[in-house]
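[1] Give me the fold of what follows.
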Amino acid sequence: MSTLWVIALIIGALIVAGLAFYAGKLLWQLKVQKETIAKLKAEQADKLEKSRQERNGKLADSINLIAKAMKQKQCEYSEGCLRVWVLISQYSFDEEISLETTYPGVFEMYDEVKEMPTHDARKKYSKKEIFKMDTKRWRAEERLEAQILQDCDKLLNEFKALPGSENVVFQ
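    I've put the predicted structure just below:
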């Protein structure tokens, strides 16, 4: 009977050792898998950050160009504000900011003209209606000019042009 117990004990010990080895192997595989996932996540985060910065660079360049054109009066304030507002709304800021309070002149001008038709859509209206809309737009441009120019200065400081594009000459 004692041999039977010894054999049972040896078989039990082998089973326990085999299960312990298998558990250790699974834990090691889990560790390797977690490291791989962490590495892939870090690479993906880097890739996303790089594309965000690339996109922000292009947006900043466009915003800078439009703000410069408005400041030099080579672009109507209404058109510039429409374009700038759409671009800064797509810009990915590092921290949350209120665009309406940061750029109140641009926002107010955008809000004033955002519903006005442009290009082919204007052709659907009579000349009298178009003149009425243009008059409203011109008055808003006059009324908001000082604030828009201040916002242009802020935009030029905040959004730097890409290297090589700062030499663009408007004609």
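[2] Every contact and neighbour count from this point should use C-alpha atoms.
    OK.
[3] and L82, what does it touch?
    M109, Y110, V113, K114 (CA atoms under 8 Å, 6 or more residues apart in numbering).
[4] Give me the distance between the third one and G18.
    The gap separating V113 from G18 is 76 Å, by CA to CA, to the nearest Å.
[5] more neighbours, these two?
    Shown here are V113 and G18; by other CA atoms under 10 Å, V113 has more neighbours (20 against 12).
[6] How confident was the prediction at that one?
    pLDDT for V113: 90.
[7] Show me the longest helix that occurs in the protein.
    helix 2-71 (DSSP state H).
[8] Against L59, how distant is the spatially most central residue of the chain?
    With distances taken as CA atoms, centre = their mean, the residue of the chain nearest its centroid is S92 (2.8 Å). The gap separating S92 from L59 is 9 Å, by CA to CA.
[9] Same question for L162.
    From L162 to L59 the distance is 10 Å (CA to CA).
[10] if you count what's nearby, which of those two comes out ahead?
    L59 (22 against 14).
[11] just checking, the more buried one touches Y91?
    Yes. Counting by CA atoms under 8 Å, L59 touches Y91, with 6.6 Å between them.
[12] Any regions of this structure where pLDDT drops low?
    1, 164-171 (pLDDT under 70).
[13] can you do 90?
    1-4, 53, 57, 92-97, 114-127, 129-131, 133-134, 160-171 (pLDDT under 90).
[14] mind checking the SS state of D94?
    Three-state assignment for D94 (DSSP: H, G, I helix; E, B strand; the rest coil): coil.
[15] Quick check: the gap between it and N56.
    Taken as CA to CA, the span from D94 to N56 is 11 Å.
[16] give me every residue that touches A67.
    G80, V84, C152, D153, L155, L156.
[17] can you tell me which of those are in helices?
    Residues of the contacts of A67 located in helices (DSSP H): G80, V84, C152, D153, L155, L156.
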